[in-house]
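Q: this one's sequence-less:
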């Protein structure tokens with residue numbers, strides 16, 4: 001049975017899109033058919049990590065939401081872009097980066113039910129085993145939809161007071177929506193912190209499993225979103241941590 005995974009954070013700047021790209025690529029590299037959909041329509045960007053240029057994105061999620069094309073037409077096979085071998089496949093449905101398209105979405109919104117129908121159609125049409133949803137930060141009706149239909153909700157937080165409080169609010173909402181499985185991941189943890197102690201503290205505070213703890217990595221910063229880190233550097237400790245998180249989802 002296909003599995004839908006939403007990757008979410010209460011605030012921006014947590015590294016959510018980077019995390020989504022690396023986790024999805026890790027699962028695909030294990031031999032699975034994986035889709036990623038960028039529902040952060042006001043500020044799309046995950047296509048950069050998958051080396052998909054704006055001029056290559058003739059049809060996007062926006063066109064589907066406006067009734068102009070089937071959602072499968074907005075799905076791009078980016079397996080070769082990031083250097084995946086033939087064992088797995090990775091598809092991306094990007095959102096438009098055109099200023100006029102973003103302004104239209106912000107002004108008019110979109111049909112949330114249509115987005116839900118699109119998820120189902122995409123999974124069926126591409127025979128996906130896993131669909132990762134890169135959400136827009138914060139809480140909105142669009143976010144509630146993604147959370148409600150997910151088999152797994154992965155919440156990303158930094159060791160930061162604002163993130164702690166926002167994550168608590170998000171978890172309350174997720175529990176009211178009866179999310180089937182929730183995982184926490186800590187990102188951008190300072191190297192001077194005791195990562196194991198941090199993990200235990202967060203688990204005790206929220207009563208949920210911390211699937212992974214990711215240090216603030218200069219190596220990831222140096223890559224500057226030009227590719228997927230765990231594919232380029234599969235032996236790096238950060239890549240190993242992504243494999244650990246992937247196993248908990250699989």
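A: That came through fine. A quick note: this is a predicted structure, and the numbers were derived from the prediction, not measured.
Q: for residue 149, see how far away residue 41 is.
A: Going from residue 41 to residue 149 by Cβ to Cβ, to the nearest Å gives 17 Å. Using the backbone N, CA and C atoms, a C-beta is placed for each residue, glycine as well.
Q: and these two? Which one has more around it.
A: Higher neighbour count among residue 41 and residue 149: residue 41, with 23 against 17, using other Cβ atoms under 10 Å.
Q: quick check: phi and psi at the more buried one.
A: With angles defined as degrees, to the nearest 10, residue 41 sits at phi -60, psi -30.
Q: need the pLDDT of it.
A: Looking at residue 41, its pLDDT reads 91.
Q: wait, a strand at residue 36?
A: Yes. Counting by DSSP: H, G, I helix; E, B strand; the rest coil, residue 36 is located in a strand.
Q: tell me the bridge partners for it.
A: Residue 36 forms beta bridges with residue 92, residue 132, as assigned by DSSP bridges.
Q: hang on, residue 113 in a helix?
A: Yes. Per three-state DSSP, residue 113 lies within a helix segment.
Q: how close does it sit to residue 120?
A: Residue 113 is 11 Å from residue 120, where distance means Cβ to Cβ.
Q: what residues of the helix or strand bottoming out on mean pLDDT in the chain count as buried?
A: Comparing every helix and strand of the chain by mean pLDDT, DSSP states H and E singles out helix 141-149 as the least confident one, with a mean of 85. Buried residues in helix 141-149, counted by 16 or more other Cβ atoms under 10 Å: 142, 143, 145, 146, 147, 148, 149.
Q: and stretch 84-101, by the same measure?
A: For stretch 84-101, by 16+ other Cβ under 10 Å, it's 84, 88, 89, 90, 91, 92, 93, 94, 95, 96, 97, 101.
Q: what do you get for stretch 236-250?
A: 238, 239, 241, 242, 243, 245, 246, 249.
Q: longest single helix anywhere in this structure?
A: Counting by DSSP state H, the longest helix found in the chain is helix 161-176.
Q: pLDDT on that helix, on average?
A: Mean predicted confidence for helix 161-176 is 94.
Q: going toward the C-terminus from it, what's the next helix or strand?
A: The helix or strand immediately downstream of helix 161-176 is strand 182-189, counting by DSSP states H and E.
Q: average pLDDT across that following strand?
A: Here the average pLDDT along strand 182-189 is 96.
Q: next: stretch 214-230.
A: Averaged across stretch 214-230, the pLDDT comes to 91.
Q: who's in contact with that stretch?
A: 15, 18-19, 21-22, 25-26, 29, 45, 48-51, 82, 185-191, 195, 232-233, 236, 238-239, 241-243 (Cβ atoms under 8 Å, 6 or more residues apart in numbering).
Q: distance between the ends of that stretch?
A: 13 Å (Cα to Cα, to the nearest Å).
Q: so which bits of that stretch are buried?
A: Neighbour-count burial for stretch 214-230 flags 214, 215, 217, 220, 223, 225, 227, 228, 229, 230 (criterion: 16+ other Cβ under 10 Å).
Q: quick one, what contacts the most far-flung residue of the chain relative to its centre?
A: Within the chain, residue 192 marks the point farthest from the mean C-alpha position, 27.4 Å out by Cα atoms, centre = their mean. For residue 192, the contact set (Cβ under 8 Å, 6+ apart) is empty.
Q: the chain: helices as residue ranges?
A: Assigned by DSSP H, the chain shows helices spanning 16-29, 46-49, 61-65, 99-108, 112-125, 141-149, 161-176, 195-206, 218-223, 229-232, 237-249.
Q: would you format those as a markdown table with distance to residue 72 included?
A: What follows is those, written out as a markdown table (distance: least, Cβ to Cβ, whole Å):
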| stretch | distance to residue 72 |
| --- | --- |
| helix 16-29 | 18 |
| helix 46-49 | 17 |
| helix 61-65 | 9 |
| helix 99-108 | 19 |
| helix 112-125 | 4 |
| helix 141-149 | 19 |
| helix 161-176 | 29 |
| helix 195-206 | 38 |
| helix 218-223 | 30 |
| helix 229-232 | 25 |
| helix 237-249 | 24 |
